[in-house]
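Chemist: Need coordinates for the below:
(one chain, ligands or ions: 1)
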Amino acid sequence: MKKLLPLFLLTFAFSACQQIEKQNVVVQLLNQGWTLTGDTLNINMQVDVPSVVQQSLYENGVIPHPYLGTVENQLLWISDHPWDYTLRFDADKELLDKEKVELVFDGIDTYAEVKLNGEKLFFADNQFRVWKYEVKDLLKKKDNLLEVHFIRYDSTQLALYEQHQPRLPEKYAVTRKAPYQHGWDWAPKYKNVGIWKRVELIGWSNAKLQDAYILTENIDNEKATMRLCLDVESKAEGNYVAEIYVNGEKNSQKNIHLNGGTQNEILNFEIENPELWWPNEMGEQPLYVFDVLLKDGDKVLDFKKIWSGIKTFEMVDEPDSIGRAFYFKVNGVPFYAKGANYVPEEMIETWNDVDHTSRLLEQAKDAHFNMLRVWGGGIYPSDDFFTLCDKLGILVWEDFMYAGTMYPYDEAFLENARIEAEEQVKRLASHPSLALWCGGNEISEGYYNWGWQKSLNWSEEDDKAIKAGYDRLFENILPQAVAQYDGTRPYWPSSPSKGWGRPESLTEGDVHYWGVWWGELPYEVYREKVGRFNSEYGYQSYPDYQTLLKIAQGEELSMDAEVIAAHQKHARGTRQIDDFIKRYYPDIQPKDFEEYVYLSQLSQAYGMEIAIEAHRTAKPYNMGTLYWQLNDAWPVTSWSSIDYYGHPKVLQERLKTLFAPVLLSIDQKDYGVFVTSDLLRNIDGTLSVTVCDLENHPLFEKKMKVKLEANENRKFVVEGLSECLRKADLKKVYVKLELTEGDTLTAERKCYFSAFYEPRQNGL
Ligand code: BMA
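Modeler: Predicted coordinates:
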């Protein structure tokens with residue numbers, strides 16, 4: 001039964017706390033009424049933040065829409081231009097009365113000097129950090145001037161890159177800024193510049209909660225052992241009390257002695273008969289409300305309200321007879337991970353909107369996802385993203401934002417990286433959907449397999465220094481941040497653990513299998529390249545035709561048109577899509593471009609069907625399948641299953657069967673029938689097998705009783721099936737599989753033996 005929250009208590013705790021906030025901690029937002037100017041340019045705009053320059057230029061009619069037509073090259077100057085954001089404001093009286101006032105920027109992208117009333121406060125150089133500064137002494141009652149001066153991004157980055165010896169593989173390595181904005185094989189080079197998160201002044205006296213988050217340490221039958229982690233800041237030494245309320249009821253408290261400055265405190269507590277949080281289709285997603293209070297005697301100084309769930313998560317990476325088993329357990333139960341890789345939803349990062357995210361994640365849930373990997377070349381997702389994943393039961397494999405290059409290793413860079421990691425670990429720790437942290441994307445793979453040593457002319461010493469720098473960051477600083485500030489989430493240094501050309505990539509860890517697409521091998525090869533956990537694989541298709549109609553008109557709607565090419569960022573992409581359409585649908589002559597676009601999606605879906613079926617039917621050898629990629633950051637031809645405007649491609653529809661809790665399939669070698677169950681209960685049912693010709697006439701029918709344990713994958717020999725199929729022309733038949741339990745249809749599937757042309761349905 002789902003626990004109901006004692007609402008009257010909740011309301012009480014909440015309103016009491018709101019008053020407290022007004023008394024001891026006061027906040028003045030500084031998001032509105034900024035002026036954006038462009039140095040020598042005749043640009044002077046009134047803007048609100050969060051926003052970035054590219055967005056404001058478009059919204060003020062200075063530039064065309066950055067996602068449409070062929071405008072990319074006309075817009076590249078923006079990131080190599082200095083920009084000034086200024087704000088004049090009066091300070092709230094209650095704020096000035098406080099002992100301490102901090103100016104807080106939740107995000108500055110990226111290189112900018114920040115001044116208040118003419119005084120330099122700091123120079124920001126990391127998009128992913130919060131920037132705070134004590135401003136009590138600088139703040140005036142009236143007419144304060146806050147200035148954020150962005151220096152030329154491209155030139156600054158280039159200078160830093162050129163100074164770095166030995167040479168690093170990518171220029172973006174020197175800046176802590178979203179890699180994908182520097183151009184990717186699905187992204188234009190829109191390096192955003194601006195104040196991309198909110199700005200505020202926070203005033204307080206005595207003491208304040210800087211951070212508070214909740215962790216599940218352990219669950220046994222009747223109780224959960226929980227940990228409340230606090231960062232408390234105080235002006236002076238003193239004795240205080242921290243209290244925790246669970247669903248409105250007081251649970252525990254702890255006396256704490258603060259020494260002045262910031263300090264970490266831990267409060268352990270227990271919850272009896274916990275309602276556990278489960279991933280999608282493994283159970284419910286109950287959330288508890290935790291109220292955290294900081295008190296000085298009876299006086300409440302500060303509070304935080306946290307919604308969190310109770311769950312444990314383990315990564316199993318241990319030797320077995322073949323290599324190393326690699327899988328996850330949630331609440332002690334091993335499970336098969338199904339989902340995709342998630343990339344940022346926008347090229348203009350401040351256009352990211354919660355409704356878009358919500359629709360996208362709902363589509364993922366409807367296709368039976370239980371996991372997303374947040375790819376390390378993007379941005380750390382917002383709190384809203386995680387709140388939605390908490391609600392929908394989608395676990396998040398979270399990469400730190402590092403991808404596809406080696407990084408600098410001087411002390412300043414590593415310190416910057418350390419602070420960023422600690423902040424992100426703390427920010428996301430309370431979310432039950434957060435499953436594991438991973439060092440980044442394809443860095444170790446690149447180091448060992450992409451020939452940087454030779455192409456960048458590294459000496460043996462250079463190589464050693466770069467590798468030692470890698471080890472410090474990915475084997476020391478990042479795991480240390482996860483262990484010290486979380487301690488309940490596993491850390492995995494690199495996705496993948498081994499490059500796809502190496503045999504170990506299929507016997508241990510996770511693999512990005514790119515022999516199909518990058519290696520130009522046919523889809524059928526997926527059947528042989530099954531790893532322990534396939535965390536990337538994919539094939540491109542065009543976005544929905546309606547999406548193409550937004551970016552191109554008339555004559556431009558063709559494969560060779562300039563505008564279509566501008567929305568394809570992979571050098572061989574157009575040709576490779578075409579090759580596979582011809583290879584798998586040789587008899588189909590598309591009557592127009594719309595039909596051709598559809599065929600590209602059909603081909604992609606066929607490839608992914610082969611891969612997913614191969615992965616799932618190899619359970620428990622293989623314990624996860626995350627295809628590349630769920631979504632797009634703008635209208636583009638890519639590996640996604642849902643395009644930028646939210647249109648599902650053919651693949652997204654097929655996932656409803658391919659990721660279903662029970663998958664039925666035919667082994668193409670011996671025609672055995674697989675029943676692959678992710679259900680946590682036993683199955684006792686009837687399997688019906690019907691071979692039909694393409695006019696739907698049955699050629700063979702058989703029913704048999706089948707029994708499976710929870711989470712079992714089993715192959716059944718169906719008497720007579722193999723003989724029938726061996727005699728048949730496999731291009732002219734399909735097999736209809738159904739699994740029923742009593743009157744309930746548990747699973748069904750139509751299996752074809754080659755790429756099957758299915759005419760377009762409405763809406764596709
Ligand atoms: C994978 C990803 C991305 C890339 C994709 C398609 O390696 O990590 O870097 O977009 O391949 O090429």
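Chemist: Following element in sequence after the helix or strand of the chain with the lowest mean pLDDT, please.
Modeler: Across the helices and strands of the chain, mean confidence by mean pLDDT, DSSP states H and E is lowest for helix 7-24: a mean of 50. Downstream of helix 7-24, the next assigned helix or strand under DSSP states H and E is strand 25-29.
Chemist: how far does that following strand sit from the chain's center?
Modeler: Here the centre of strand 25-29 is set off from its chain's centre by 31 Å, with CA atoms, centre = their mean, to the nearest Å.
Chemist: That one - which strands sit beside it in the sheet, and in what orientation?
Modeler: strand 199-204 (antiparallel) (DSSP bridges).
Chemist: what does the strand it pairs with rub up against?
Modeler: 24-31, 49, 91-92, 94-106, 135, 139, 208, 301-302 (CB atoms under 8 Å, 6 or more residues apart in numbering). (Glycine included, C-beta is placed from N, CA and C.)
Chemist: hmm, try it at 7 Å
Modeler: 24-31, 49, 94-95, 98, 100-105 (CB atoms under 7 Å, 6 or more residues apart in numbering).
Chemist: now stretch 152-162
Modeler: 79-82, 110-111, 168, 171, 174-175, 191, 193.
Chemist: Using a markdown table, lay out those together with pLDDT and neighbour count.
Modeler: Converted to a markdown table, the contacts of stretch 152-162 look like this (pLDDT from 0 to 100; neighbours: other CB atoms under 10 Å):
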| residue | pLDDT | neighbour count |
| --- | --- | --- |
| S79 | 98 | 24 |
| D80 | 96 | 15 |
| H81 | 96 | 19 |
| P82 | 97 | 18 |
| T110 | 98 | 27 |
| Y111 | 98 | 23 |
| L168 | 98 | 20 |
| K171 | 98 | 16 |
| V174 | 98 | 22 |
| T175 | 98 | 22 |
| K191 | 98 | 23 |
| V193 | 98 | 26 |
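Chemist: Give me the contact list for stretch 216-227.
Modeler: Stretch 216-227 is contacted from outside by 214-215, 266, 268-274, 276, 310-312, 331, 488, using CB under 7 Å, 6+ apart.
Chemist: follow-up on the earlier one: weed out the non-buried ones from the contacts of strand 199-204.
Modeler: Among the contacts of strand 199-204, those scoring as buried are 24-28, 30-31, 49, 95, 98, 100-105 (criterion: 16 or more other CB atoms under 10 Å).
Chemist: Please identify which pair of those lies farthest apart.
Modeler: For those, with distances taken as CB to CB, the pair at the greatest spread is N24 and V49 (26.7 Å).
Chemist: Output the below-cut-off pLDDT ranges for the stretch 1-150 of the chain.
Modeler: Along the stretch 1-150 of the chain, segments meeting pLDDT under 70 span 1-22.
Chemist: Break this protein down into its domains, please.
Modeler: Domains of the chain are assigned by automatic domain parsing as 7-22+207-308, 31-202, 322-658, 662-752.
Chemist: residues making contact with stretch 566-583?
Modeler: So stretch 566-583 is in contact with 70, 72, 184-187, 517, 520, 522, 540-541, 551, 559, 565, 599-600, 603, 635-637, going by CB under 7 Å, 6+ apart.
Chemist: when you check the ligand, which of those turn up near it?
Modeler: 184-186 (CB under 6 Å from any ligand atom).
Chemist: Output those residues as JSON lines; include the columns pLDDT.
Modeler: Shown next, in JSON lines, are those (pLDDT from 0 to 100):
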{"residue": "W184", "pLDDT": "98"}
{"residue": "D185", "pLDDT": "98"}
{"residue": "W186", "pLDDT": "98"}
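Chemist: hang on, the earlier thing: secondary structure and distance to E528 added to the contacts of stretch 152-162, as TSV?
Modeler: Shown next, in TSV, are those (DSSP: H, G, I helix; E, B strand; the rest coil; distance: CB to CB, whole Å):
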residue	secondary structure	distance to E528
S79	helix	44
D80	helix	47
H81	coil	51
P82	coil	54
T110	coil	44
Y111	coil	48
L168	coil	35
K171	helix	37
V174	helix	40
T175	coil	40
K191	coil	41
V193	coil	47
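Chemist: so who does the residue sitting nearest the centre point of the chain touch?
Modeler: Nearest to the geometric centre of the chain sits V374, at 2.2 Å (CA atoms, centre = their mean). The contact partners of V374, taken as CB under 7 Å, 6+ apart, are 342, 381, 396-399.
Chemist: Cross those residues against strands and list the overlap.
Modeler: Using DSSP state E, 342, 396-399 are the members of the contacts of V374 that sit in strands.
Chemist: which among the residues you listed gets closest to Y757?
Modeler: The shortest approach to Y757 among the ones in strands among the contacts of V374 belongs to Y342, at 30.9 Å (CB to CB).
Chemist: what's across from that closest one in the sheet?
Modeler: Here Y342, judged by DSSP bridges, has bridge partners V374.
Chemist: tell me the pLDDT at it?
Modeler: On pLDDT, Y342 comes in at 99.
Chemist: Please apply the same query to the one 4 residues further on.
Modeler: The model reports E346 with a pLDDT of 98.
Chemist: same deal with N762?
Modeler: 57.
Chemist: cool, L557 as well?
Modeler: pLDDT, L557: 94.
Chemist: can you pull the contacts of the residue nearest to it when sequence neighbours are not counted?
Modeler: Distances taken as CB to CB, 6 or more residues apart in numbering place F593 nearest to L557, at 5.1 Å, with adjacent residues excluded. The contact partners of F593, by CB under 7 Å, 6+ apart, come to 557-559.
Chemist: From A571, how far out is F593?
Modeler: Using CB to CB, to the nearest Å, F593 is found at 22 Å from A571.
Chemist: same check, this time on H512
Modeler: 19 Å.
Chemist: which of those two has more neighbours?
Modeler: More crowded of H512 and A571, by other CB atoms under 10 Å: H512, with 24 against 9.
Chemist: Any idea what that one is bridged to?
Modeler: Per DSSP bridges, the residues bridged to H512 are E536.
Chemist: And stretch 364-373, what's buried?
Modeler: Neighbour-count burial for stretch 364-373 flags 364-365, 367-373 (criterion: 16+ other CB under 10 Å).
Chemist: does it come close to the ligand?
Modeler: No: on the criterion CB under 6 Å from any ligand atom, stretch 364-373 is out of touch with the ligand, staying 9.7 Å away.
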